[in-house]
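> sequence and predicted structure are below.
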Amino acid sequence: MADPDLRDLDAFVAIARTRNFRRAAVEIRVSVSSLSQRLRDLEERLGVRLMNRTTRSVALTEAGELLLSRVAPALRDVGDALDQVRGLREVASGRLRINAPPPAVDLVLAPMVVPFLQAHPQVDLDIVSESGFVDIVSAGYDAGVRYGEHLAQDMVAIPLSGPQHYVVVASPDYVARRGRPKHPKDLLDHDCIRARYSSGVMHDWEFEKAGQIVKVDPPAKLISTNMGLAMRAALGGAGVWASLDGYVGDALKSGALVSLMEDWCEPFPGPFLYYPSRRQMPPALRAFIDFVADWRKRETRGK
């Protein structure tokens with residue numbers, strides 16, 4: 001019997017990685033029935049069972065684990081080699097559309113924009129900033145930016161930045177008048193500056209210390225989706241504000257704001273750039289992904 005071809009191996013790796021036939025079928029753009037047939041053909045050619053599957057689960061056999069450990073890296077190398085060869089004839093050009101929440105635009109994407117456009121003058125960037133969740137495929141975006149807990153499982157994702165963390169701040173005048181909260185629950189007795197998302201949801205404030213997670217729903221003296229307004233309110237002594245540190249760094253250095261409850265504000269993973277598939281990737285997106293990788297390497301070396 002003939003040896004397996006790359007399509008059969010690609011199908012096997014997709015199923016093994018996702019542990020789900022439907023997701024794997026979407027990833028490699030075939031029907032579920034075609035994907036199942038490819039797996040059966042591969043098992044028949046090899047003469048061993050590679051997966052145990054039921055209607056609810058997929059588990060690799062010992063033979064499947066062995067094949068995956070050897071084949072998956074080889075297929076990645078083949079894919080990377082083909083992408084590099086294609087890249088020799090593809091010049092990054094055209095419009096690149098990205099959807100991202102405002103903090104990711106302000107603190108992560110904004111510093112990248114000019115250097116990227118200078119490096120790729122034939123690319124036009126279209127960055128839409130909104131806090132609501134968007135189906136980037138149906139909305140016509142090439143990529144999106146979200147935090148890890150909000151990423152669809154069938155998307156390819158790469159880190160866009162290093163860890164971030166929230167800080168709780170207030171003006172010295174506010175602290176002098178109302179005191180310094182030391183525990184998240186103390187915030188229930190304070191005026192707070194909060195944000196409401198476009199969906200209408202106003203999330204609890206979440207804190208963590210030594211593995212202990214505390215969520216609170218503090219009273220809102222001001223609710224705003226505008227970071228500039230929230231900053232002015234905090235500087236003016238209107239209340240306590242929970243903000244990403246990138247917004248308030250200068251104000252903390254100057255003493256215009258003071259940091260509160262620092263031991264309850266632990267870092268968390270930064271945002272991810274995500275996109276539907278590496279297959280038939282637009283050259284402009286490929287260029288941006290490579291740019292992000294180089295940007296992050298320079299950031300790491302600079303620390």
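Noted; the coordinates are in hand.

> hmm, who's touching whichever strand or helix holds residue 97?
Element membership of residue 97 [criterion: DSSP states H and E] is strand 94-100. Applying CB atoms under 8 Å, 6 or more residues apart in numbering, the external contacts of strand 94-100 come out as 109, 122-130, 134, 136, 139-146, 271, 273, 282-285, 288. To be clear about C-beta, it is placed using only N, CA and C from the backbone, and glycine gets the same treatment.

> assign residue 242 to helix, strand or coil.
Assigned by DSSP: H, G, I helix; E, B strand; the rest coil, the conformation of residue 242 is strand.

> what residues are bridge-paired with it?
The partner list for residue 242 in beta bridges (DSSP bridges) reads residue 168.

> that older thread, just the buried residues from the contacts of strand 94-100, in ChimeraX please.
Selecting only the buried entries of those in ChimeraX, with 16 or more other CB atoms under 10 Å as the criterion:
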select :109,123,125,127,129,134,136,141,142,143,144,145,146,271,273,282,283,284,285,288
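
> mind listing what's buried in the strand holding residue 97?
In strand 94-100, counting by 16+ other CB under 10 Å, buried: 96, 97, 98, 99, 100.

> can you list the domains in the protein?
With domains defined by the TED database, the chain comprises 6-73, 89-163+270-302, 167-268.

> out of those domains, which comes closest to residue 79?
For residue 79, the closest of those is domain 89-163+270-302, at 7.0 Å, according to CB to CB.

> and the closest one, average pLDDT?
Domain 89-163+270-302 carries an average pLDDT of 88.

> same deal with stretch 244-264?
For stretch 244-264, the per-residue pLDDT averages 96.

> doesn't residue 23 lie inside a strand?
No - applying three-state DSSP, one finds residue 23 to be helix, outside a strand.

> now it: how far from residue 99?
As judged by CB to CB, to the nearest Å, residue 23 and residue 99 stand 22 Å apart.

> do residue 220 as well
Look at residue 220 and residue 99: by CB to CB, they are 27 Å apart.

> what do you get for residue 53?
36 Å.

> re earlier: the strand holding residue 97 pairs with which strands, and in what direction?
Short version: by DSSP bridges, strand 94-100 pairs with strand 123-129 (parallel), strand 143-146 (parallel).

> what's the distance between the helix or strand following that strand and the middle of its chain?
Per DSSP H and E, the first helix or strand lying C-terminal to strand 94-100 is helix 102-104. Centre-to-centre, helix 102-104 and its host chain are 12 Å apart (CA atoms, centre = their mean, to the nearest Å).

> need phi/psi at the residue nearest the centre of the chain.
Most central in the chain under CA atoms, centre = their mean is residue 272, positioned 2.3 Å from the mean C-alpha point. Reported as degrees, to the nearest 10, the phi and psi values for residue 272 are phi -120, psi 140.

> partner residues bridging it?
Taking DSSP bridges, one obtains residue 146, residue 159 as the residues bridged to residue 272.

> doesn't residue 143 make contact with it?
No - Residue 272 lies out of contact with residue 143 (CB atoms under 8 Å); the separation is 10.1 Å.
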